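> below: sequence and its predicted model.
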Amino acid sequence: MAAPLVLASSSPFRRMLMENAGLTFESRAADIDERKIEAGLESALPDEVASTLAKAKALEVSSHFPEALVIGSDQTMSLGSRVYHKPKSLAEAKESLLSLSGKTHRLNSAIALARNDEVVWEHIAHADLTVRMLSESFVDRYLERVGKKVFGSVGAYQLEGEGIQLFSKIEGDYFTILGLPMLPLLQKLRVLGAIDG
């Protein structure tokens, strides 16, 4: 019998991706302090930060579901050496968007699978997104229209909503952009016999 699957996340987007793929799973948010973990990774690359957080989430939840395959995931957003976080105010969201204007930033999406308190697999996928040139007045109008939704994402945009209007080019798959690279995950779950292959 296949090991049960547990998603170490409370993200509605990640749950939706798993449900849409026809997976049967439980979901439980990991009880970790992400900012504290990040503070110890000051010199780490953005994808290393995402990978470390994905593993920490998978391992924390694995301690509650020892026989299960626990899926941990995390995503960082970077432009050069700058790593972005969810904005805490509209002023922060505006600053973030203007800093991305006319530039290509990267989403680093990491997955880790843990079982019996041990990481058994990890993977990192990237997407590169180019923001078109944005005027300050457009950003003000955009933020006024989308309102508090901007606080839910690192880049102050949701591609599945009006945020798509901010971009001129996107390289990378939709699942990576949403923070759970489904194709490599499904392939590994088939290899492990956790889902029908």
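Great, that's in hand. Numbering: from 1, shown residues only.
> may I ask which helix or strand of the chain has the lowest mean pLDDT?
helix 34-39 (a mean of 84; mean pLDDT, DSSP states H and E).
> check which element follows the longest helix along the chain along the chain.
Counting residues, the longest helix found in the chain (DSSP state H) is helix 46-62. Later in the chain than helix 46-62, the nearest helix or strand by DSSP states H and E is strand 69-79.
> for Ala2, give me the pLDDT.
At Ala2, the pLDDT value in this model is 68.
> the chain: helices as residue ranges?
12-20, 34-39, 46-62, 90-100, 136-146, 174-178, 182-191.
> and the shortest one, C-alpha only, in PDB?
Included here for helix 174-178 are C-alpha records, laid out as PDB according to Å, rounded to 0.1, in the frame of the first residue of the first chain:
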ATOM      1  CA  TYR A 174       2.700  27.900 -14.400                       C
ATOM      2  CA  PHE A 175       3.200  25.500 -11.600                       C
ATOM      3  CA  THR A 176       6.600  26.800 -10.800                       C
ATOM      4  CA  ILE A 177       5.200  30.400 -10.800                       C
ATOM      5  CA  LEU A 178       2.500  29.300  -8.300                       C
END
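> re earlier: which secondary structure elements does the longest helix of the chain contact?
In terms of contacts (3 or more CB pairs under 8 Å, 6 or more residues apart in numbering; DSSP states H and E), helix 46-62 is packed against helix 34-39, strand 69-79, strand 104-115, strand 118-131. Glycine gets a C-beta too; all of them are placed from N, C-alpha and C.
> I appreciate the help and will end here.
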